[in-house]
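1. Predicted model follows, preceded by the sequence.
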Amino acid sequence: MSIYVGNLSYEVTQDALNSVFAEYGSVKRIQIPTDRETGRLRGFAFVEMGSDAEETAAIDALDGAEWMGRDLKVNKAKPRENRDNRGSFGGNRSNSGYRNRY
């Protein structure tokens, strides 16, 4: 499982995040998403720790804490949604249920 870290400063670096989370255990991976068009940081990150106990300790200590002038939002990351790029109808629609009558 990974940790969601929100309300980050747009000046945050991977090294800075690593140093904060390393106080609560071993940091396995850090991902800081950027905007595809501008390349600018999006203001959140995902952090993977070495164990569930380390993740819990980091969440308990850092959720609501002020860092780099901002109040962090830290919690367990939710599983990624499976997005369908077929417009507003969504779902797996196909024409297999329809027959051409002409």
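-> Arrived safely, thanks for sending.
2. For residue 71, list each beta-bridge partner.
-> Going by DSSP bridges, residue 71 is paired in beta bridges with residue 66.
3. show me the contacts for it.
-> 7, 64-65 (CB atoms under 8 Å, 6 or more residues apart in numbering). Yep, even glycine has a C-beta here, placed from its N, CA and C like the rest.
4. CSV for those, including neighbour count and pLDDT?
-> Converted to CSV, the contacts of residue 71 look like this (neighbours: other CB atoms under 10 Å; pLDDT from 0 to 100):
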residue, neighbour count, pLDDT
7, 14, 98
64, 10, 98
65, 11, 98
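5. The lengthiest helix in the chain - contacts with which helices or strands?
-> When the chain is parsed with DSSP state H, its longest helix is helix 52-62. Where contact means 3 or more CB pairs under 8 Å, 6 or more residues apart in numbering; DSSP states H and E, helix 52-62 is packed against strand 3-6, helix 14-21, strand 44-49, strand 73-76.
6. closest one to residue 60 among these?
-> Nearest of those to residue 60, taken as CB to CB: strand 73-76 at 8.8 Å.
7. so where's the chain shaky on pLDDT?
-> For the chain, the stretches with pLDDT under 70 are 83-102.
8. ok so, going back, residue 31: which of the helices and strands packed on helix 52-62 is closest?
-> Per CB to CB, nearest to residue 31 of the helices and strands packed on helix 52-62: strand 44-49, 4.6 Å.
9. And the closest one, what's buried?
-> By 16 or more other CB atoms under 10 Å, the buried positions in strand 44-49 come out as 44-45, 47-49.
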